[in-house]
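Novice: Have a look at this fold, sequence not included:
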C-alpha cells in the first residue's frame, strides 16, 4: 500500500491540490476506482481512491454531502475530482464534510486523464507489493534457517525483535513467560519497565479474561489482539497466537515502543509465529521422549528390573544410583485445565519440572515419572548422613507441593515415602513401602493425619497395613466396636468419637475435651455411659491398645483406596 500523501508525489498529481480533509493524508491506498453514479459507495471494497467528474452531484448540496459521507463510511480513503467540466470549483459543502471526516478531497487539473491517474498509483503499489513479497521471503528464509539450525527460542525471539525494531515477548498458552526478544544491549534498560508491566500479573489476568484469549483457545483463532500497556493508552502492543496444525503453543507480543508496526512488520510477526511454533514443537517432542524414558526407567527400578537396557544406559551416565536411595509416591489432585485446549502443554510436565527443580537443591539425583495423577520420585542422597534423606525429602516435598497449591497448579496432595536403601536391588521394597505409606495417608485423610507420611514412622498404621485378610480385620473391629456403633445409631450419640479421642489422648479427660471442643464434665459423662456398654475395661493397658487398634483399623476399612 501507499499513502494518499505518497500518491500526491506521483506524476499524475503534480498540479493537483488537496482542498479538504488534509488530516487523512496518511490513509493507505490499496486500489483506484472511477465513480460517476449515486450508488458508487455500494461497490467499494475498502482502501480506494475514488476518481470522478462529480456530474450527478454538481447542483444539489445535499447530494454532495451524502455522497462524500457514503464514500468515506464504505472505506474509500480519498476523492479526486476533475472540476473543470461540471463543478467549476469544489463547493464549500464538500470541503466542510471532507474536513469533518478527515477524508482528503483532491482537485485535479483539467488535463488529467483517469488512465494516467490509475497508472500513477498502481505502479508504486505493484512495486511495493513486489518489494514486500521479496522482503517476506527473506524473513521466512531467515527464520526458517534458525529453526533448522536448532537455535533457541530466545535467539529466534531476538531476530524477530530486530526485524520489527521493537521488543517482543514469547509466552506459552497459559501466558507464562518463555523468552523476551530485544534488539541491542544498550536499549534494554530503556524499555525494561514496560516489559515488566506487560508481564505483570494484573495485565496477564486482563488478557486472560478477554473474549479474544478464550476464543483463541477454543477455536484456534488466528486474529491479533491490540492491548495498551500503560494507563495513558500511549504504549500499544500487538499480540498474535503461535499456532501449528490447530495446536496452540503460545503467544507472541510486540510492544510498539520504538516505532509503529508496518505491514511488513506484521508479516514478520506472522512468519515469526510459524517459526516459533516449529521450534516449540521440536522442544515438546524432545521433552515427551525424555519423559517417556524416565517413566520406563522408574518402572524398571521400582519393580526390581535393574539390568535392563534403560537402567544400564542411565547408570553409565549417572553414578548417583550407587548412592543411598529413597522413593516417594505422591497422588496429586490436579486443577481441571481445559486439556483439549492445551493438548501440547500437559500439566504433569509443569508439575514434574517444578518439583524436580526444587528437589535438585537437596539431592544428588532426582528422577520423576508419572501415571495419571500418581507421581513416583526417586532421590539419591546428598547427605553425609543418608538416613536423614527421608526426613529432608518429606519436608521439601511438602514445601514445594504447598507452593503448587498456592499457584493453583494442584488442588491437593497425599504422599508416602519409603525407607532409605543402600542397594539398587532393594528399591522395589522401598517402592512398596512408599505405596503403603501413601495408602495410609489417603485412608486417614481429614482425620488429623499428615498429607505425606514416612513408612518408618507409621507405627500402628504400619501394623494394620500388614494384615492381608481384610475380612478377618473387619470381624475383629466388629467384635470390639459394634456395641458402641449400635448405641450411637439408635441414640444419635457420639460415644465412638469420644472413646477414640480419649484413647489417642492417652486417656486424659482434659486433653480429650480440648480435642472435642467440649467441657471435661461432658467427656466424663460420656465415658460413664461407655463403661456400661463395653465388655472390657479401658483401664487395662491391653484393652486400651486393642481398642485403639480397632478404631484405627476401622477407619482404614471405611476409607478404601
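Specialist: Done, it's in. Computed from a predicted model, the values in this text were never measured in an experiment.
Novice: Give me the most central residue, the chain.
Specialist: residue 174 (1.6 Å; Cα atoms, centre = their mean).
Novice: any chance you could map the strands in the stretch 51-200 of the chain?
Specialist: Along the stretch 51-200 of the chain, the stretches classed as strands by DSSP state E, counting those that start in this stretch are 78-82, 105-108, 168-171, 177-181.
Novice: Of those, which is nearest residue 239?
Specialist: For residue 239, the closest of the strands of the stretch 51-200 of the chain is strand 168-171, at 8.8 Å, according to Cβ to Cβ. Yep, even glycine has a C-beta here, placed from its N, CA and C like the rest.
Novice: so what secondary structure elements neighbour that closest one?
Specialist: Counting contacts by 3 or more Cβ pairs under 8 Å, 6 or more residues apart in numbering; DSSP states H and E, strand 168-171 packs against helix 153-164, strand 177-181, strand 247-255.
Novice: The same query, at a cut-off of 10 Å, please.
Specialist: For strand 168-171, the elements it packs on are helix 153-164, strand 177-181, helix 192-198, strand 236-244, strand 247-255, helix 263-302, judged by 3 or more Cβ pairs under 10 Å, 6 or more residues apart in numbering; DSSP states H and E.
Novice: so who does residue 474 touch?
Specialist: Contact analysis of residue 474 by Cβ atoms under 10 Å, 6 or more residues apart in numbering lists 553-554, 557.
Novice: err, residue 450, not the other one
Specialist: Contacts for residue 450 (Cβ under 10 Å, 6+ apart) come out as 394, 398, 414-415, 440-441, 444, 457.
Novice: Apply the buried test to those and list what passes.
Specialist: For those, a burial check counting by 16 or more other Cβ atoms under 10 Å picks out 394, 414-415, 440-441, 444.
Novice: what would those residues look like in TSV with secondary structure?
Specialist: Listed next are the buried ones among the contacts of residue 450 as TSV, based on DSSP: H, G, I helix; E, B strand; the rest coil:
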residue	secondary structure
394	helix
414	strand
415	strand
440	helix
441	helix
444	coil
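Novice: quick check, nearest of these to residue 301?
Specialist: residue 415 (18.3 Å).
Novice: That closest one contacts residue 393, correct?
Specialist: Yes. Contact criterion Cβ atoms under 10 Å: residue 415 and residue 393 qualify, at 9.4 Å.
Novice: quick one: common contacting residues for these two?
Specialist: Joint contacts of residue 415 and residue 393 (Cβ under 10 Å, 6+ apart) are 328, 377, 452, 454.
Novice: re earlier: out of the contacts of residue 474, which comes closest to residue 160?
Specialist: For the contacts of residue 474, the minimum distance to residue 160 (Cβ to Cβ) is 61.5 Å, reached by residue 557.
Novice: Would you mind measuring from the closest residue to residue 238 other than its chain neighbours to residue 528?
Specialist: Excluding the flanking residues, the one nearest residue 238 by Cβ to Cβ, 6 or more residues apart in numbering is residue 254, at 4.9 Å. According to Cβ to Cβ, to the nearest Å, residue 254 and residue 528 sit 78 Å apart.
Novice: how about the helices of the stretch 351-500 of the chain, start to end?
Specialist: Under the criterion DSSP state H, counting those that start in this stretch, helices of the stretch 351-500 of the chain are mapped to 389-406, 427-443, 460-465, 470-491, 495-504.
Novice: Reformat these as a markdown table; add mean pLDDT.
Specialist: Output for the helices of the stretch 351-500 of the chain, formatted as a markdown table (pLDDT from 0 to 100):
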| stretch | mean pLDDT |
| --- | --- |
| helix 389-406 | 91 |
| helix 427-443 | 85 |
| helix 460-465 | 64 |
| helix 470-491 | 84 |
| helix 495-504 | 86 |
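Novice: Which among the ones you listed is found nearest to residue 203?
Specialist: Residue 203 lies closest to helix 389-406 among the helices of the stretch 351-500 of the chain, at 20.5 Å (Cβ to Cβ).
Novice: before we move on, back to that, please tell me I have it right and the residue nearest to the centre of the chain contacts residue 350.
Specialist: Yes. Shown here, residue 174 and residue 350 form a contact pair, counting by Cβ under 10 Å, at 8.6 Å.
Novice: before we move on, the earlier item: drop anything exposed from the contacts of residue 474.
Specialist: 553-554.
Novice: would you turn the contacts of residue 474 into a markdown table with distance to residue 181, secondary structure and pLDDT?
Specialist: Output for the contacts of residue 474, formatted as a markdown table (distance: Cβ to Cβ, whole Å; DSSP: H, G, I helix; E, B strand; the rest coil; pLDDT from 0 to 100):
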| residue | distance to residue 181 | secondary structure | pLDDT |
| --- | --- | --- | --- |
| 553 | 61 | helix | 79 |
| 554 | 62 | helix | 80 |
| 557 | 59 | helix | 75 |
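Novice: and which of the contacts of residue 474 is nearest to residue 505?
Specialist: Lowest distance from residue 505 to those (Cβ to Cβ) belongs to residue 554, with 18.1 Å.
Novice: quick one: stretch 247-259 to chain centroid distance?
Specialist: Remark: stretch 247-259 is offset 15 Å from the chain centroid, using Cα atoms, centre = their mean, to the nearest Å.
Novice: rewinding a little: need the winner for burial among the helices of the stretch 351-500 of the chain.
Specialist: Mean neighbour count (mean count of other Cβ atoms under 10 Å) peaks for helix 427-443 among these, with a mean of 22.
Novice: If you count contacts, what does it end up packed against?
Specialist: helix 263-302, strand 325-334, strand 374-380, helix 389-406, strand 410-417, strand 452-454, helix 460-465, helix 541-558.
Novice: between the ones you listed, which gets nearest to residue 200?
Specialist: The nearest among those, by Cβ to Cβ, is helix 389-406 at 18.1 Å.
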